[in-house]
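Chemist: Sharing a sequence plus its predicted fold:
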Amino acid sequence: MLADNNKLKAIVEADDSQTTVALAAAFEVSTKTILVHLRQISKVKKLEKWVPHELNERQREIRVETCFALLNRHTNEGTFNRIVTCDEKCILFDNRKRSASWLDPGSVPKQCPKRKMTLRK
């Protein structure tokens, strides 16, 4: 068993993004033992919070102009004029994972921006 919860707490507070496997290797115990002791020192695992990208003024203007153009196009043209068919399939692909941190139950997780979605065939 892990002898000192204070030592574990100091290590986790120094770097809260460590995995239970890394902590178990450092203390030479099983991951279940680490999880029990993390629960004893009241640490919970929280994922980073997604936040939107910060846009500069020009990017905001372009988005507003695009929205107005799409709204005008929708009201002025018929829906069937814009249907396109093809024989290939495109998939939106984003494989980014949020990192997790060991935090106190009431604390707020870190924020990370969402990456742009790209087309991949």
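Modeler: Structure received.
Chemist: Model confidence score at residue 86, please.
Modeler: We have a pLDDT of 62 for residue 86.
Chemist: going forward can the numbers begin at 15, since that is how I track them
Modeler: Taking 15 as the first residue, the last one we looked at is residue 100.
Chemist: And the one residue sitting closest to the centre of the chain, how far from residue 125?
Modeler: With distances taken as C-alpha atoms, centre = their mean, residue 112 lies nearest the centre of the chain, 3.4 Å away. Per C-beta to C-beta, to the nearest Å, residue 112 is found 10 Å from residue 125. (Glycine included, C-beta is placed from N, CA and C.)
Chemist: hmm, back to that, now do the SS call for the residue nearest to the centre of the chain.
Modeler: Three-state assignment for residue 112 (DSSP: H, G, I helix; E, B strand; the rest coil): coil.
Chemist: which residues touch it?
Modeler: Residues in contact with residue 112 (C-beta atoms under 8 Å, 6 or more residues apart in numbering) are 61, 62, 64, 126.
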